[in-house]
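In: Provided below for reference: sequence and predicted model.
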Amino acid sequence: MRRRVQLDQSLLVRTFIAIFLFALFIGGTVVWAIGGGDKSPAYPTVLNVAVIVGLAIADFILVPVIYYRCPTCKRKLPRASAPKSEVHYYCAACNIEWDLGLRPGRY
C-alpha cells in the first residue's frame, strides 16, 4: 500500500497564536512602561517576565517540531527527511508521512 503524505497545519496555527500573544504582551509592556513618564520600580521585573514568556513561547513552538507525535495515533515519530530539507515525519502504524509545512529557504 502506498504511503500518504498529509499536511499538518497545527504547527503553523500554534506559531501564529504564539507570535500574536507575545506581540500583545510586549506591546502592553511597552505602553505600560512609557505611560507614566518615569520608569517604574517594577520595570526590570516586567522585562524579566517578558523574557520568560518569550522563552515559553519558543518552547511552545519548537517542542512539537523536535518531538513530533502522530496526530492520529499519538506515537512519537522519527524524522523521515534529511535535516536541511522539508520537515516530514513518517508513522508506520498509520502509513502516513506528516508534512509540517516547514520549507528551507528565506525565513
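Out: Looks like it arrived, so ask away. Numbering: from 1, shown residues only.
In: the strands in the protein, which residues?
Out: In the chain, strands defined by DSSP state E lie at 4-7, 88-91, 96-99, listed in chain order.
In: dump the residue contacts of L100.
Out: Listed by CB atoms under 8 Å, 6 or more residues apart in numbering, the contact set of L100 reads D8, L11, V65, Y68, V87, H88, Y89. In this view, the C-beta of every residue, glycine as well, is placed from N, C-alpha and C.
In: now the residue nearest to the fourth one when sequence neighbours are not counted: how far from V63?
Out: Once flanking residues are discounted, Y68 sits nearest to Y89: 4.7 Å by CB to CB, 6 or more residues apart in numbering. As judged by CB to CB, to the nearest Å, Y89 and V63 stand 14 Å apart.
In: the residue nearest to Y68 and L24, how far apart?
Out: In terms of CB to CB, Y89 sits 31 Å off from L24.
In: who's more crowded, those two?
Out: Neighbours of Y89 and L24, each counted by other CB atoms under 10 Å, are more numerous for Y89; the result is 20 against 10.
In: quick one: residues contacting that one.
Out: Y68, C70, L77, P78, R79, A80, E97, W98, L100.
In: so which of those residues comes closest to V31?
Out: Minimum separation from V31 among these (CB to CB) is found for L100, which lies at 34.9 Å.
In: phi first, then psi, for the closest one.
Out: Note on L100: backbone dihedrals following degrees, to the nearest 10 are phi -80, psi 0.
In: excluding chain neighbours, what is closest to it?
Out: Closest residue to L100 in three dimensions, ignoring its sequence neighbours and counting by CB to CB, 6+ apart: V87, at 4.4 Å.
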